[in-house]
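**Q** One predicted model, sequence on top.
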Amino acid sequence: MERLNLTVLLFLTTAFLFGQDKALDSLHTDKTMKFNYKALIIPSVLIGYGVIGLESHTLIEINSGTNNELKEHIDEKFTIDDITQYAPFVSVYALNLAGVKGKNNFKDRTIILGTAYLIMGGTVNIIKNTGNVERPDGSSNNSFPSGHTATAFMGAEFLYQEYKDASVWYGIAGYTVAAGTGFFRMYNHRHWLTDVVTGAGIGIMSTKIAYWVHPFIKRHLFKGKSDLNGMIMPFYNDKKYGIGLAMTF
């Protein structure tokens with residue numbers, strides 16, 4: 001458990017240290033990389049709640065109480081959360097195809113999404129492999145944190161950032177779907193409340209970091225590469241759903 005807490009602490013510390021460096025660097029380079037510490041408050045609180053919940057008897061009891069309450073009202077499981085986890089970020093591309101312009105062009109938003117996905121996926125998998133939290137249904141010991149919820153909230157923040165200037169309702173819709181995904185992870189006995197809350201925090205923070213590092217990535221890794229083609233395709237394999245992202249540049 002100490003290794004798990006250390007892993008999460010390193011994730012949070014890295015985010016703050018990166019922000020501090022970029023805030024100073026932005027004075028001399030690109031103002032778009034200016035770090036906003038306030039933007040990390042909500043995701044940090046969510047992640048902190050989950051980490052404290054691993055040891056807090058009170059929060060563990062809340063986990064059990066929430067799970068028991070859901071058990072009493074479940075008639076059958078709904079696997080809609082396997083689909084809805086991807087809905088927020090897919091909506092960004094769907095809206096663009098429908099003619100609703102977002103903040104960035106296809107190239108930039110795809111780089112941002114790919115960066116956020118790498119940060120989120122890497123963080124979730126490292127923590128899952130480090131920890132040993134049994135799922136409510138007893139199927140495995142990699143319950144903490146919720147990857148589905150992290151994916152959904154990563155996408156919700158991505159949708160919000162891309163379309164907040166067009167209408168705040170796009171972001172609200174994305175976060176509603178993400179919250180629903182987290183609820184169904186608990187409803188289907190796949191995760192505890194602390195798993196879902198932490199996953200949400202990781203997802204949001206991953207997207208925020210992706211936007212902050214994007215100017216650097218674009219300037220140093222994609223300099224002079226104006227053409228970027230790609231496609232997003234859903235896949236289904238052995239009862240597992242997913243999204244495939246292919247880019248050519």
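**A** Right, received. Where do you want to start? Residues are numbered from 1 along each chain as shown.
**Q** which non-adjacent residue is nearest the spatially most central residue of the chain?
**A** Taking C-alpha atoms, centre = their mean as the criterion, residue 203 is the residue nearest the geometric centre of the chain, at 1.8 Å. Distances taken as C-beta to C-beta, 6 or more residues apart in numbering place residue 153 nearest to residue 203, at 3.2 Å, with adjacent residues excluded. Bear in mind the C-beta positions are built from the backbone N, C-alpha and C, glycine included.
**Q** So which elements touch the lengthiest helix in the chain?
**A** Looking only at the chain and at elements set by DSSP state H, the helix with the highest residue count is helix 193-220. Secondary-structure packing of helix 193-220 (3 or more C-beta pairs under 8 Å, 6 or more residues apart in numbering; DSSP states H and E): helix 2-25, helix 41-53, helix 57-73, helix 106-130, helix 147-163, helix 168-187.
**Q** least reliable of the ones you listed going by mean pLDDT?
**A** Confidence, taken as mean pLDDT, is least for helix 2-25 of the helices and strands packed on helix 193-220 (a mean of 49).
**Q** next one: stretch 150-169 to chain centre, how far?
**A** Centre-to-centre, stretch 150-169 and its host chain are 11 Å apart (C-alpha atoms, centre = their mean, to the nearest Å).
**Q** swap that for stretch 111-123, please
**A** Distance, stretch centre to chain centre, for stretch 111-123: 8 Å (C-alpha atoms, centre = their mean).
**Q** do stretch 194-208 as well
**A** In terms of C-alpha atoms, centre = their mean, the centre of stretch 194-208 is set 5 Å apart from its chain centre.
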